[in-house]
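**Student:** my questions are about this predicted structure, shown below with the sequence.
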Amino acid sequence: SFEINIQAIDHWSTDARQDAWFSACSLHSVIENLDIKPKWISIISDNGPHYHNSELMVIMSKWYEWYGIQVKKWIFLEAGEAKTTVDSHHAQISLSIKRYIRIGGEIQEGSDITSAIKNIAGTSVAHIEPNQIKENKGKSMTIPGISNWFEWTWPIEGEDAGYIKARAMPNVGKWTLFSPAHIQKLLKGEINQPSPQVSETTKPKSPWKIPIPHSSGICPKRLPLQELTNELQNRKVDYGNQNKRQKLVEILDKELTHETLEKKESCLRNRSMLHKEYTTRLSDITEFPLSSGWAMKEVQKYGKKGGGKRIKKSISAVLEESQEGEIESSDIPKVTTIQGWITRYAAQLREKSAQTVLEEA
């Protein structure tokens, strides 16, 4: 196939808690809904707290045991920067709900959401109620430094099997490893496989398919007939006497897909060579003012939780005196008084500046 078949599975729930367990239950529902189970998966998501947390990262280490599926990686994108296909799907949901209301529908319960969005291409909808288990659960587990790492992986083979691995940037830098013994210390009781209550999933009314993206950004379906023939001729593609636009779109789609796949194979072949060349080039640098990895979040001293600037001792002493009554609140100017000072000073400064300009003219 020369197209990517996208399946969107949406859930609605009366459970208002968006936490690690809700995310785990939703992922469980998605996997159980698939007719053909994958051997492995990769996950890309935003940096929401219900995804990027220690509990869910530990839960993902159980996936191969529970489902026989390897979680190859989970990449977290910066908050508000998740420019993925998922964002366009969220926009479709929003527009569908607005349209549903405009034509007389009402959103009063979850089933109304299903009615509003069930016609979106490639979209299935289900009602989910997570089995929220709180027994034997003390203080939330925390992987030290979790906010610094945006790529995670869970190996199932080799010397790192059973470990959780994390690093600051996808495909860049060294891994930080958490051993099975370390993971066990994080656990507050047993982690059981989710078993949420899930309604029957609706069937998509139409498929959601997109062509494999090409680096040129060309979208054959949007090209007029003349541009289609020009693109084919530039690539020396023989399309015979074909002049039907739909057929030309299919031919160009096929050619662009071949180019993309060939480029991917070439990149994979050259990756090791480029890495070797880069490493050699770095070894030739005798002196560099900054240490390797200086820009990584994990080595930053500022902008981290608990790493903010502390209040000065002198200010702390003054505040203590105020608490003890040594400084009267009447001695401290009000905000409006200070604002008045600033306004008067600004007016005087403008007047003085204008006078200076007139004298120099």
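**Tutor:** Received, thanks.

**Student:** wait, Trp40 sits on Gln70?
**Tutor:** Yes. Using Cβ atoms under 8 Å, Trp40 makes contact with Gln70 at a distance of 4.1 Å. Glycine gets a C-beta too; all of them are placed from N, C-alpha and C.

**Student:** which of these two has more residues huddled nearby?
**Tutor:** Taking neighbours as other Cβ atoms under 10 Å, Trp40 and Gln70 compare with Gln70 leading, 18 against 12.

**Student:** which ones are touching that one?
**Tutor:** Lys39, Trp40, Ile41, Trp63, Tyr64, Trp154, Ile156 (Cβ atoms under 8 Å, 6 or more residues apart in numbering).

**Student:** now it. Its backbone dihedrals?
**Tutor:** phi -80, psi 130 (degrees, to the nearest 10).

**Student:** and it, how close does it get to Ala20?
**Tutor:** 20 Å (Cβ to Cβ, to the nearest Å).

**Student:** pretty sure Asp112 is in a strand, no?
**Tutor:** No. Counting by DSSP: H, G, I helix; E, B strand; the rest coil, Asp112 is not part of a strand but helix.

**Student:** so His28 sits against Pro194, correct?
**Tutor:** Yes. Counting by Cβ under 8 Å, His28 touches Pro194, with 4.2 Å between them.

**Student:** quick revisit: which of the contacts of Gln70 sit farthest apart?
**Tutor:** Lys39 and Trp154 (13.9 Å; Cβ to Cβ).

**Student:** quick one: which of these two has more around it?
**Tutor:** Trp154 (22 against 8).

**Student:** correct me, but the more buried one touches Trp63?
**Tutor:** Yes. Trp154 is within contact range of Trp63, at 7.2 Å (criterion: Cβ under 8 Å).

**Student:** where along the stretch 1-150 of the chain do the helices fall?
**Tutor:** With DSSP state H, counting those that start in this stretch as the criterion, the stretch 1-150 of the chain has helices at 20-33, 54-60, 63-67, 85-102, 110-117.

**Student:** so which residues make contact with the second one?
**Tutor:** When you say that, I think you mean helix 54-60. Contacts to helix 54-60, defined as Cβ under 8 Å, 6+ apart, come from residues 19-21, 23-24, 50, 71, 74, 140-143, 146, 152, 154, 164, 166, 183, 186-187, 191.

**Student:** buried subset of the residues you listed?
**Tutor:** Among the contacts of helix 54-60, those classed as buried by 16 or more other Cβ atoms under 10 Å are 19-21, 23-24, 50, 71, 74, 141, 143, 152, 154, 164, 166, 183, 186, 191.

**Student:** confirm Lys209 sits in a strand?
**Tutor:** Yes. Assessed by three-state DSSP, Lys209 belongs to a strand.

**Student:** the closest residue to it other than its chain neighbours bridge partners, please.
**Tutor:** Spatial nearest neighbour of Lys209, excluding adjacent residues (Cβ to Cβ, 6 or more residues apart in numbering): Glu3 at 4.4 Å. Counting by DSSP bridges, Glu3 forms beta bridges with Pro211.

**Student:** low-confidence ranges, this structure, go.
**Tutor:** Counting by pLDDT under 70, the ranges of the chain that qualify are 1-2, 79-84, 133-141, 268, 271-295, 297-331, 361.

**Student:** hey, where'd the strands end up in this protein?
**Tutor:** Using DSSP state E, the strands of the chain run over 3-6, 8-12, 40-45, 70-76, 123-129, 151-153, 164-167, 176-178, 197-198, 208-211.

**Student:** quick one on the thing from earlier: any shared contact partners between Trp154 and Trp63?
**Tutor:** Going by Cβ under 8 Å, 6+ apart, residues that sit against Trp154 and also against Trp63 are Gln70, Val71.

**Student:** neighbouring contacts of stretch 28-41?
**Tutor:** Contacts for stretch 28-41 (Cβ under 8 Å, 6+ apart): 9, 11, 67-72, 124, 126, 128, 193-196, 198, 201.

**Student:** now the buried members of these.
**Tutor:** 9, 11, 67, 69-71, 124, 126, 128, 194, 196, 198, 201.

**Student:** how about the residues you listed in CSV, adding distance to Ile117?
**Tutor:** Formatted as CSV, those follow (distance: Cβ to Cβ, whole Å):
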residue, distance to Ile117
Ile9, 12
His11, 11
Tyr67, 27
Ile69, 27
Gln70, 32
Val71, 28
Ser124, 10
Ala126, 12
Ile128, 15
Pro194, 24
Pro196, 20
Val198, 17
Thr201, 13
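
**Student:** from the residues you listed, which single one is nearest Pro213?
**Tutor:** Ile9 (22.4 Å).

**Student:** pull up the gap between the closest one and Lys244, please.
**Tutor:** Ile9 is 36 Å from Lys244, by Cβ to Cβ.

**Student:** what does Leu186 give?
**Tutor:** 61 Å.
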